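>>> could you work out the structure for the sequence below:
(one chain, ligands or ions: 1)
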Amino acid sequence: MVRCPECAVEIDLDEDEVEEGEILNCPECEAELEVVQTHPVHLNVISEDEDEEEAEAETEGEDGDMPDEALEDEEEDIEE
Ligand SMILES: [Zn+2]
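Numbers count the residues shown, from 1 in each chain. Below is the predicted model of the structure:
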């Protein structure tokens, strides 16, 4: 049984009926789910707003004023 990674509802899915890269919609929360693996099926949520940079900035940029475009270099600059 496959569960929606977004809302954890059980999705009745036959792993023989899907293939990698296929896009499904969760019947419960209507999230877009990409089949990233079969046997067993593994689903990945496709987020509609690809604000990954913003999300990471929230965790690491709170105490700094680093510009968003410097995110990739940010980790190297962190003092530990
Ligand atoms: Zn769902």
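>>> low-scoring stretches of this protein, by residue?
Along the chain, segments meeting pLDDT under 70 span 48-67, 69-76, 78-80.
>>> how near is Glu6 to the ion?
Look at Glu6 and the ion: by CB to the ion, to the nearest Å, they are 4 Å apart. Any C-beta I mention is one placed from the backbone N, CA and C, and that applies to glycine too.
>>> how far away is that residue from His42?
Distance, Glu6 to His42, using CB to CB, to the nearest Å: 14 Å.
>>> cool, Val9 as well?
16 Å.
>>> and for Pro27?
Relative to His42, Pro27 is positioned 18 Å away (CB to CB).
>>> of those two, who's got more company?
More neighbours surround His42 than the other of Pro27 and His42, with 15 against 12 (other CB atoms under 10 Å).
>>> now the more buried one: closest residue in space, sequence neighbours ignored.
Among residues not flanking His42 along the chain, Val36 sits closest, at 5.3 Å (CB to CB, 6 or more residues apart in numbering).
>>> perfect, I'm done here.
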